[in-house]
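Q: Quick one, fold the following:
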Amino acid sequence: MKSAVWGSGAIGGVVGAGMAAGSENVLLVDVVPQHVDTMNDRGLLIKSAAGEQLVPVRAALPEQVSGAFDLVFLAVKSQFTDAALDAILPHLTPESAVVSLQNGVNEPQIARRIGPDRTIGCLVDFSADYHAPGTILRGRAGNLFIGELDGRMSPRLEEVRRLLALSTRTHACANVMGYVWAKMCKGTIDITPALVDADAGEVRGNKATYPVRVELIRETIRVAEAEGVRVEAFDHFDPAPFADSSPGGFAAACAVVEAMARAAAVNNLKVRTGYWRDIVVRKRKTEIDYITGEIVRRGERLGIPTPVNRLQLRMIEEIEAGRRPMRWENLEELMAVMA
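A: Purely as a prediction, here's the structure:
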């Protein structure tokens, strides 16, 4: 099996290193020349709570890639999906498949380009950061949930599961879009810490903001259900309490939010979210338009109100543009729109 990891930063780097360490035939592709050069010259360094692992890998820029691949693991930011697919298409055969290791609902976009029968979906539930050329910080171990878009448990899916399991626990599932939308629910509250210039754990642990996070998830679940998607439970996330509008349902939903916050802190070396790092460290736009923006746009089309997600989207866009500071008052503003 010949594979490529397209986008070998945080998530792709961890997955690619796992395959390379397992002696699989894998090429790590990235657009950053210094990252590619360092990986080829020295190897890819994965730092985690368990220590450091330097893995010899093969790496290339997109224009240096030749030949065809059986599997391509797509791990670029959502805003670069189409550009990456433009480069990937010449390296696919009619039997090749693309596995989306991305945030957002990218599977339909990929399927439109290459066909649903060649598209495999995934929920990525582990954390990592690109820290420097050739160096990835792995935060939390987590899980991967993968699936064919038609729900089949195919031999190809089992091979994908085997390869991904070389880096983290991986589960094949029949309702992969239910897991993708579960990650969208989690994504809405992963964005919230970037509203404040503070450690993510401090923001997640602020119980005064639990109602905001409950409503962000509730809006997302309503949109998913209107799309005909049954949102799945994973790790410490359970969608059921968020569908219950009673006081008991709210209390149960807050308990889920608290459990997710506690789980995010266990053996996690990441003290700031990827959204915060994109804005403050990497000086680039976040993926919020492909997560919260997608929720808001689909809500508009389906007649589902999403006022809290809409305001959080506007706040992050203003922070990205330098028109709004990161501060605790942003969370108070979100609370106010709920009232």
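
Q: remind me, longest helix of this protein?
A: The longest helix of the chain (DSSP state H) is helix 247-265.

Q: What sits closest to Ala174 if chain neighbours are left out?
A: With CB to CB, 6 or more residues apart in numbering as the criterion, Ala174 has its nearest non-adjacent residue at 4.2 Å, and that residue is Gly151. For glycine as for every other residue, the C-beta is placed from the backbone atoms N, C-alpha and C.

Q: Tell me if I am right that the one you found is in a strand.
A: No: counting by DSSP: H, G, I helix; E, B strand; the rest coil, Gly151 is not part of a strand but coil.

Q: what sits against it?
A: By CB atoms under 8 Å, 6 or more residues apart in numbering, the residues touching Gly151 are 174-176.

Q: same thing with Val5?
A: 12-13, 15-16, 19, 26-29, 72-73, 75.

Q: Let's verify the residue nearest to the spatial centre of the chain: helix, strand, or coil?
A: The centroid of the chain falls nearest to Asn103 when counting by CA atoms, centre = their mean (3.2 Å). Under three-state DSSP, the three-state class of Asn103 is coil.

Q: who's in contact with stretch 239-253?
A: Residues outside stretch 239-253 that contact it (CB under 8 Å, 6+ apart) are 182, 185, 211, 214, 217-218, 221, 231-233, 255-256.

Q: was I right about Asp235 contacting Ala263?
A: Yes: using CB atoms under 8 Å, Asp235 is in contact with Ala263, at 6.4 Å.

Q: Identify the residue nearest Val271 in space, chain neighbours excluded?
A: Nearest residue to Val271, sequence neighbours excluded (CB to CB, 6+ apart): Asp199, at 4.7 Å.

Q: now the one you found: how far from Thr273?
A: Shown here: Asp199 relative to Thr273, a distance of 10 Å by CB to CB, to the nearest Å.

Q: Compare these two (neighbour count), which wins?
A: Remark: of Asp199 and Thr273, Thr273 carries more neighbours, 23 against 16, as counted by other CB atoms under 10 Å.

Q: so what's the more buried one up against?
A: 190-191, 193-194, 200.

Q: phi, psi of it?
A: Backbone torsions for Thr273, taken as degrees, to the nearest 10, come to phi -80, psi 170.

Q: Extract the C-alpha set from the helix or strand where Asn309 lies and format it as CSV.
A: Assigned by DSSP states H and E, Asn309 belongs to helix 307-320. Provided in CSV are the C-alpha atoms of helix 307-320 (Å, rounded to 0.1, in the frame of the first residue of the first chain):
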residue,chain,number,x,y,z
PRO,A,307,-27.3,33.7,17.1
VAL,A,308,-24.5,32.6,19.5
ASN,A,309,-22.4,31.0,16.8
ARG,A,310,-23.0,34.0,14.6
LEU,A,311,-21.7,36.4,17.2
GLN,A,312,-18.7,34.2,18.0
LEU,A,313,-17.9,34.1,14.2
ARG,A,314,-18.0,37.9,14.0
MET,A,315,-15.8,38.2,17.1
ILE,A,316,-13.1,35.9,15.8
GLU,A,317,-13.1,37.6,12.4
GLU,A,318,-12.7,41.0,14.1
ILE,A,319,-9.8,39.6,16.2
GLU,A,320,-8.2,38.3,13.1
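
Q: wait, Val76 sits on Trp6?
A: Yes: here Val76 lies in contact with Trp6, judged by CB under 8 Å, at a distance of 6.5 Å.

Q: Spell out which residues are contacts of both of those two.
A: 12, 84.

Q: contacting residues for Leu166?
A: 18-19, 21-22, 24.

Q: Only the buried subset of the residues you listed, as a PyMOL command please.
A: A single PyMOL command is used to select the members of the contacts of Leu166 judged buried by 16 or more other CB atoms under 10 Å:
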select buried, resi 18+19+21
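
Q: Could you save the contacts of Leu166 as JSON lines and add columns showing distance to Gly115 and secondary structure?
A: Output for the contacts of Leu166, formatted as JSON lines (distance: CB to CB, whole Å; DSSP: H, G, I helix; E, B strand; the rest coil):
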{"residue": "Gly18", "distance to Gly115": "28", "secondary structure": "helix"}
{"residue": "Met19", "distance to Gly115": "25", "secondary structure": "helix"}
{"residue": "Ala21", "distance to Gly115": "32", "secondary structure": "helix"}
{"residue": "Gly22", "distance to Gly115": "29", "secondary structure": "coil"}
{"residue": "Glu24", "distance to Gly115": "25", "secondary structure": "coil"}
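
Q: Between the contacts of Leu166, which sits nearest Phe126?
A: Using CB to CB, Gly18 comes nearest to Phe126 of the contacts of Leu166, at 10.9 Å.

Q: Please report how far that closest one lies from His91.
A: Going from Gly18 to His91 by CB to CB gives 21 Å.

Q: Thank you kindly, that will do.
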